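**Student:** Starting from these lines, generate the structure:
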Amino acid sequence: MAEMDTSSGGGHKKGPGVKKSKKQSTRVDLTPMVDLGFLLITFFVFTTTMSQSTAMNMNEPKKDTTNQTKVKNSGAMTILLGKSNQVYYYYGQLDPTKLSEQFKSTTFKEIRNLIVEKKKATPLGDLMYIIKSDKQSTFKNAIDILDEMTICDVPPGHYAEVDLPEAEAKMIEQTEQANGIK
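**Tutor:** A predicted model of the protein is given here:
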């Protein structure tokens with residue numbers, strides 16, 4: 001596998017008129033090293049374990065319109081997702097005469113504190129979070145709010161994603177136009 005190169009002249013004496021000594025060089029054949037490299041790569045590929053996927057479990061209700069859960073106004077918090085990562089919320093049921101007091105805006109950074117405060121202030125049997133997404137909100141926002149429910153340890157069955165009614169969609173649109181959100 002290795003060779004000795006003896007092509008240069010020979011002699012051991014130094015000085016003028018004396019032939020230079022032979023310089024011997026070695027040449028290493030690296031073909032077996034390549035084979036060994038591929039064997040090691042193959043070994044490591046077959047012996048490693050792939051990372052396990054992580055997914056959040058989500059309990060979805062059955063589409064039974066006759067058996068709907070009644071929610072107390074005192075225990076309900078509605079979270080509305082708008083465009084540009086905007087979050088709107090209100091407690092209980094909206095009163096048309098008090099819209100400016102009830103309908104509030106927040107961010108994803110602050111929504112966790114509001115969820116925890118509502119959870120502490122409400123008995124668990126009455127607690128319900130209603131999540132509604134606008135057509136212009138992103139899928140990432142819907143996943144983020146579900147993650148917030150998991151982080152805040154809200155039990156399954158105490159939050160639900162429902163369709164956004166047209167009246168609330170108009171409220172979100174008017175609020176976003178008033179605030180200059182594009």
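**Student:** Could you use CA atoms for every contact and neighbour count after this?
**Tutor:** Will do.
**Student:** Grab the longest helix from the chain for me.
**Tutor:** helix 31-47 (DSSP state H).
**Student:** Could you point out the helix or strand that follows it?
**Tutor:** strand 76-81 (DSSP states H and E).
**Student:** State the mean pLDDT of the next helix or strand after that following strand.
**Tutor:** Next helix or strand after strand 76-81 toward the C-terminus (DSSP H and E): strand 87-91. Averaging pLDDT along strand 87-91 gives 90.
**Student:** quick one: strand 87-91 to strand 76-81, angle?
**Tutor:** 160 degrees (axes from the mean of the first three to the mean of the last three Cα atoms, to 10 degrees).
**Student:** Pull out the buried residues from the next helix or strand after strand 87-91.
**Tutor:** Counting by DSSP H and E, the next helix or strand C-terminal to strand 87-91 is helix 99-102. Using 16 or more other Cα atoms under 10 Å as the test for burial, helix 99-102 gives Q102.
**Student:** same check, this time on stretch 150-164
**Tutor:** Those would be V154, H158, Y159, A160, E161, for stretch 150-164 by 16+ other Cα under 10 Å.
**Student:** rewinding a little: so which elements touch the longest helix of the chain?
**Tutor:** The helices and strands touching helix 31-47, judged by 3 or more Cα pairs under 8 Å, 6 or more residues apart in numbering; DSSP states H and E, number zero.
**Student:** With just CA atoms, put it into CSV.
**Tutor:** What follows is helix 31-47, C-alpha atoms only, in CSV (Å, rounded to 0.1, in the frame of the first residue of the first chain):
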residue,chain,number,x,y,z
THR,A,31,-8.1,3.9,-1.2
PRO,A,32,-8.6,1.7,1.9
MET,A,33,-9.2,4.9,4.0
VAL,A,34,-12.1,5.9,1.7
ASP,A,35,-13.6,2.4,2.1
LEU,A,36,-13.3,2.7,5.9
GLY,A,37,-14.9,6.1,5.8
PHE,A,38,-18.0,4.8,3.9
LEU,A,39,-18.2,1.8,6.3
LEU,A,40,-18.2,4.2,9.3
ILE,A,41,-20.8,6.5,7.7
THR,A,42,-23.0,3.5,7.0
PHE,A,43,-22.6,2.2,10.6
PHE,A,44,-23.6,5.6,12.1
VAL,A,45,-26.6,6.0,9.8
PHE,A,46,-28.0,2.6,10.7
THR,A,47,-27.4,2.9,14.4
